[in-house]
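In: Model the structure of this input:
(one chain, ligands or ions: 2)
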Amino acid sequence: MSTHKVSVIGSGNWGSVTAKIAAQNAIEHPDLFDQHVRMWVHEEQVNGKNLSEIINTEHENVKYLPGIKLPENLVAVTDIVEAAKGSDLLVFNVPHQFLVRLCKQLAEHIDELKKAAAPHPLRAISCIKGLDIKPEDRQVDIPCRLVCQHLSIPCGVLSGANLAPEIANEKFSETTIAYDEMDDKFNVEEKIQNDVALRLWKKLFHRPYFHVQTIYDTVGASLAGALKNVVALASGYVDGMNWGDNAKAAIMRRGLLEMVHFANVYFPDETSPETFMKESCGVADLITSCAGGRNHRVGKEFIIRKFINNDPSVTIEQVEADLLNGQSAQGVLTAREVYELVALGKRLSNFPLFVATYEIAFSNRDVKTLPLLLDSSPRGSL
Ligand SMILES: NC(=O)C1=CN([C@@H]2O[C@H](COP(=O)(O)OP(=O)(O)OC[C@H]3O[C@@H](n4cnc5c(N)ncnc54)[C@H](O)[C@@H]3O)[C@@H](O)[C@H]2O)C=CC1
Ligand SMILES: O=C(CO)COP(=O)(O)O
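Out: Numbers count the residues shown, from 1 in each chain. Ligands and ions are numbered 1, 2, ... in the order given. The predicted structure follows:
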């Protein structure tokens with residue numbers, strides 16, 4: 001049986017860590033995986049050198065994951081089609097705003113890519129935490145479905161309480177892999193095939209320090225991962241104001257309710273509240289992201305600069321750029337996208353925390369009004 005070959009599409013902070021994990025497991029399971037894992041790099045210059053060359057010679061992503069040695073069987077490739085060709089397992093891990101463009105690039109070569117993946121079927125998984133929102137059409141979609149639609153291949157989700165810097169240092173965490181290749185009226189054969197795929201993805205990612213649990217709910221895993229970024233921004237606001245742990249718990253509670261409500265409104269009957277309550281990709285990710293992480297840091301620093309240091313000119317995008325050196329806090333974009341969606345759908349009052357988070361970041365709303373905004377929401381709507 002020929003081995004499975006893996007390509008990671010993306011090389012940011014989390015992209016590099018997931019590539020490291022896959023490359024470690026490729027070495028550990030030579031019967032199952034090809035020994036070389038490729039990682040597509042959006043090329044840029046760092047200290048006068050190409051980032052891809054630095055990764056391939058020094059085995060370190062000095063820009064997005066400094067200080068972490070990458071396995072030598074991980075190879076950086078700058079042409080996305082070349083990076084993917086010959087692999088049957090594609091791991092998508094880029095900030096969500098770039099996904100559609102990259103999918104379109106790959107879609108132009110999809111027949112070639114499928115042929116080169118043989119004898120295996122081409123399969124994908126998305127580690128992306130974000131949504132594809134078209135407010136004017138009142139439409140919202142999840143990254144794994146974009147991959148399915150553009151490339152006509154199955155795509156699952158890997159999402160969990162996974163702050164990349166901790167996992168890069170091989171500190172213990174859990175994650176959730178959701179995979180669902182089955183149609184509505186799935187038969188036994190489909191279920192068996194889906195479980196084969198789930199086991200394969202688990203083999204690729206499970207490490208002694210990175211425990212994988214598997215579920216079928218791709219929609220719940222995707223929505224929880226994207227929406228908790230907005231709640232994490234708000235929890236950063238609370239810490240910026242030094243309001244304490246009770247206030248932060250209140251934000252998390254309200255945030256969780258709105259995440260589930262969002263799922264019920266925009267994806268009725270497609271997800272289970274259990275995913276939000278029980279899985280690493282649900283409540284655990286919410287907790288870790290509200291405690292630390294980039295969205296929390298950006299939210300906190302924005303509030304300190306604007307309301308504690310009284311700088312009315314500061315923008316949240318400026319804070320993101322100042323703090324993150326090219327990395328992105330997806331909650332900033334997602335807060336805006338979610339706001340536009342619910343505003344056009346006349347649902348603002350159903351999502352008081354999401355709306356307040358947006359208005360504080362973008363509409364000059366005073367952060368001190370946050371408790372009032374939550375209090376005045378119609379309770380019955382949640
Ligand atoms: N960093 C973390 O702790 C975690 C991140 N995630 C999610 O993983 C996804 C990827 O995030 P990270 O790997 O952390 O990225 P990042 O935020 O560290 O880095 C940004 C990436 O975007 C790339 N980029 C910049 N301009 C681009 C363009 N025009 N086209 C394509 N790529 C471009 C950069 O080269 C870089 O690789 C996001 O959805 C994020 O929410 C999920 C779990 C943990
Ligand atoms: O998704 C994450 C943790 O699970 C990472 O969150 P940040 O992007 O806020 O660091």
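In: how about the residues of the protein near ligand 2?
Out: Taking Cβ under 6 Å from any ligand atom as the contact definition, the chain meets ligand 2 at 129, 161-163, 229, 232, 285, 288-289, 293-295, 329. To be clear about C-beta, it is placed using only N, CA and C from the backbone, and glycine gets the same treatment.
In: tell me, what residue is most central in this structure?
Out: K129 (2.2 Å; Cα atoms, centre = their mean).
In: Contacts only, for the residue of the stretch 251-382 of the chain found nearest ligand 2.
Out: Residue of the stretch 251-382 of the chain nearest ligand 2, by Cβ to the nearest ligand atom: G293 (3.1 Å). When contacts are counted by Cβ atoms under 8 Å, 6 or more residues apart in numbering, G293 touches L163, A232.
In: Also D239?
Out: So D239 contacts K248, H296, G299, K300 (Cβ under 8 Å, 6+ apart).
In: try 6 Å this time
Out: If you count contacts by Cβ atoms under 6 Å, 6 or more residues apart in numbering, D239 has them with K300.
In: Distance of it relative to C103?
Out: The gap separating D239 from C103 is 36 Å, by Cβ to Cβ, to the nearest Å.
In: Equivalent analysis for G299, please.
Out: 30 Å.
In: When those two are compared, which one has more neighbours?
Out: In this view G299 and C103 are compared by other Cβ atoms under 10 Å, and G299 has more residues nearby, 35 against 22.
In: residues near the nearest residue to L70 once chain neighbours are set aside, how many?
Out: Leaving aside its sequence neighbours, L70 sits nearest to H59 (Cβ to Cβ, 6 or more residues apart in numbering; 4.7 Å). H59 has 16 neighbours, counted by other Cβ under 10 Å.
In: try G130
Out: 25.
In: residues touching it, list them.
Out: Contacts of G130 by Cβ under 6 Å, 6+ apart are H96, A226, Q330, T334.
In: I'd like these as JSON lines, with distance to V212, secondary structure and neighbour count appended.
Out: Compiled in JSON lines, those are given as follows (distance: Cβ to Cβ, whole Å; DSSP: H, G, I helix; E, B strand; the rest coil; neighbours: other Cβ atoms under 10 Å):
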{"residue": "H96", "distance to V212": "22", "secondary structure": "helix", "neighbour count": "23"}
{"residue": "A226", "distance to V212": "20", "secondary structure": "helix", "neighbour count": "27"}
{"residue": "Q330", "distance to V212": "22", "secondary structure": "helix", "neighbour count": "24"}
{"residue": "T334", "distance to V212": "25", "secondary structure": "helix", "neighbour count": "26"}
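In: Keep the residues you listed, but drop any that are not near ligand 1.
Out: Checking those against ligand 1 (Cβ under 6 Å from any ligand atom), the matches are H96, Q330.
In: for the stretch 201-350 of the chain, what spans make up the helices?
Out: 218-240, 245-266, 273-278, 285-291, 294-303, 316-324, 330-344 (DSSP state H, counting those that start in this stretch).
In: which of those helices is buried the deepest?
Out: Of the helices of the stretch 201-350 of the chain, the one with the most neighbours on average (mean count of other Cβ atoms under 10 Å) is helix 218-240, at a mean of 29.
In: Name the residue of this structure that lies nearest to ligand 1.
Out: Closest point on the chain to ligand 1, by Cβ to the nearest ligand atom, is G12, at 2.2 Å.
In: gap between that residue and K129?
Out: Distance from G12 to K129, by Cβ to Cβ: 12 Å.
In: Q139 now?
Out: 19 Å.
In: before we move on, what about P165?
Out: 16 Å.
In: P95 now?
Out: Going from P95 to K129 by Cβ to Cβ gives 9 Å.
In: how far does the helix or strand harbouring V81 sit from the chain's center?
Out: For V81, the element it lies in under DSSP states H and E is helix 80-84. Chain-centre distance of helix 80-84: 21 Å, with Cα atoms, centre = their mean, to the nearest Å.
In: ditto for stretch 361-377
Out: Relative to the chain's own centre, stretch 361-377 is displaced by 27 Å; criterion: Cα atoms, centre = their mean.
In: quick one: average confidence on it?
Out: For stretch 361-377, mean pLDDT is 91.
In: So which bits of it are buried?
Out: Across stretch 361-377, burial judged by 16 or more other Cβ atoms under 10 Å covers A361, R365, V367, L370, L373, L374, S377.
In: and the fifth one, that one's in a helix?
Out: Yes: for L373, which was evaluated using DSSP: H, G, I helix; E, B strand; the rest coil, the result is membership in a helix.
In: That one touches A356, doesn't it?
Out: Yes: counting by Cβ atoms under 6 Å, L373 touches A356, with 4.2 Å between them.
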